[in-house]
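Enquirer: Sequence first, then the predicted structure, then my questions.
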Amino acid sequence: MVSVIGRRLAVRRMGVGCLRITKAGNRAFILNYFVRGRERRMTIGSWPSWSATAARHWAKELRVIIDRGEDPLGRKEQWLAAPTFGDLAERYLQHYAVKKKSGHRDAEYLRLDVLPHWGSQKAADIRRRDVLELIERKAEHAPISANRLLATVRKCFNWAISRDLLETNPCAQIPAPGVERQRDRVLNADEIRTFWKGLETARMSSEVKSILRLILITAQRPGEVCEVECANIENDWWIVPAEKAKNGLSHRVPLSSLALRELEPWCKPKGRWLFAANPRIRPIQVNALAHALRRHQHFGSNHFAPHDLRRTAATMMSSLGVNRFVLGRLLNHVETGVTSVYDRATYDHEKRAALQKLDHHLQRIISGRADPSKVVSIAGP
């Protein structure tokens, strides 16, 4: 029996299904069924790609699903409407990562390492095997970066679960591929002197040179030094606002004579950032420091990273008699325990005294005037 549907197609009954013939002569097998009183029409496949036997067999399997009260066409429509990983990643970056200080790193990992492989893939279809292949590919040449990539992908899926966009996280129970060791690199006095003198002729931007010196002078985090703003410098104080501090706590850093000397050329009204990249619309990125040191490691010592300068300054102050409590306040570490809830003192005086000790000691080392017998010994590599 042939019946006309609209003006463009006809339907021929074939067992439990139908053959639809369009006005242009195209043919497709379809299945008509009812779910909860609603008539549904689902395309099985086009002829001749699908034979009548294959279409009839698939229609029978669909009938089993329908008899269970499920709607196969509804499931198909739901799958088509489901977000791809690309959709998910963009929503994660816009609604969550943008609020994080490390959000730009999440964006870098997702857009460079993940989206080229999973961008058009349905997020719900990504399996543990897919994650393992992605991470192993990265770990072949950068195992520690592979750890960060895994953490970023895991956070993205967890965020989607928290927003009821997904039900499972394929990153569950996948171990980090790279073995991370706690760094203990500390520069000794000779290395500090060589590093300081080497910066004078190093082929780096003046901004990067100043940032590296200030990390050693102030013992502050490289990322926070990179993002210092002109408005954050108040006389001989550097105010690190809560939104820029790693632990989310506002912090006051006293500026020693070396720090003020280093900052003087930059503390002139010229924009928001003290150390800006070209064009001057954003601060120097912290990874630029590590790249600069790797390219110009001619300081006559074993390799060191920007954060090692902060560790060197902290170790030197400890060796000079600064107690650990004051050192922790100067480094802006989070203090645990009930006492910290009640003790809201800033310890400005103690922090200034600690950095003055460091300043005097650094000046003796840099000038070469220090008596070797009186130079405080600090741990080497």
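Expert: That came through fine. Only a predicted model underlies this, so the values are computations on that prediction, with no experimental measurement involved.
Enquirer: ok, now how distant is Gly368 from Asn188?
Expert: Distance, Gly368 to Asn188, using C-beta to C-beta, to the nearest Å: 14 Å. No exception for glycine: its C-beta is placed from N, CA and C like everyone else's.
Enquirer: whoops, Ser120 was the one
Expert: 53 Å.
Enquirer: out of the two, which sits in the busier spot?
Expert: More neighbours surround Asn188 than the other of Ser120 and Asn188, with 18 against 10 (other C-beta atoms under 10 Å).
Enquirer: what is the mean pLDDT for stretch 318-338?
Expert: Throughout stretch 318-338, pLDDT has a mean value of 86.
Enquirer: what's in contact with it?
Expert: 219-221, 240, 245-247, 249, 251, 253, 310, 314, 317, 346-347, 350-351, 354-355, 357-358, 361, 376-378 (C-beta atoms under 8 Å, 6 or more residues apart in numbering).
Enquirer: Just the buried positions in it, please.
Expert: 318, 322, 326-327, 329-332 (16 or more other C-beta atoms under 10 Å).
Enquirer: What is the nearest of those residues to Leu31?
Expert: Asn332 (65.9 Å; C-beta to C-beta).
Enquirer: if I look at that closest one, how far off is Trp238?
Expert: 12 Å.
Enquirer: where do the contact lists of these two overlap?
Expert: Gln220.
Enquirer: for Gly185, what are its contacts?
Expert: Gly isn't right for residue 185; it's Arg. 302, 304-305, 308, 311, 381.
Enquirer: same deal with Ala54?
Expert: Gly45.
Enquirer: so what pLDDT did it get?
Expert: Confidence at Ala54, expressed as pLDDT, is 79.
Enquirer: Where does Arg213 fall, secondary structure wise?
Expert: helix 206-218 (DSSP states H and E).
Enquirer: what's that helix in contact with?
Expert: Outside of helix 206-218, the residues within contact range by C-beta under 8 Å, 6+ apart are 192, 196, 199, 202, 220-222, 225-226, 238, 253, 255-256, 258-259, 262-263, 265-266, 275-277, 284, 288-289, 292-293, 306-307, 309-310, 312-313, 355, 358-359, 362.
Enquirer: Show me what counts as buried in it.
Expert: 207-208, 210-218.
Enquirer: My read is that Asp359 contacts Leu260, right?
Expert: No: using C-beta atoms under 8 Å, Asp359 is not in contact with Leu260, being 9.8 Å away.
Enquirer: Now do the shared contacts for the two.
Expert: Counting by C-beta under 8 Å, 6+ apart, nothing touches both Asp359 and Leu260.
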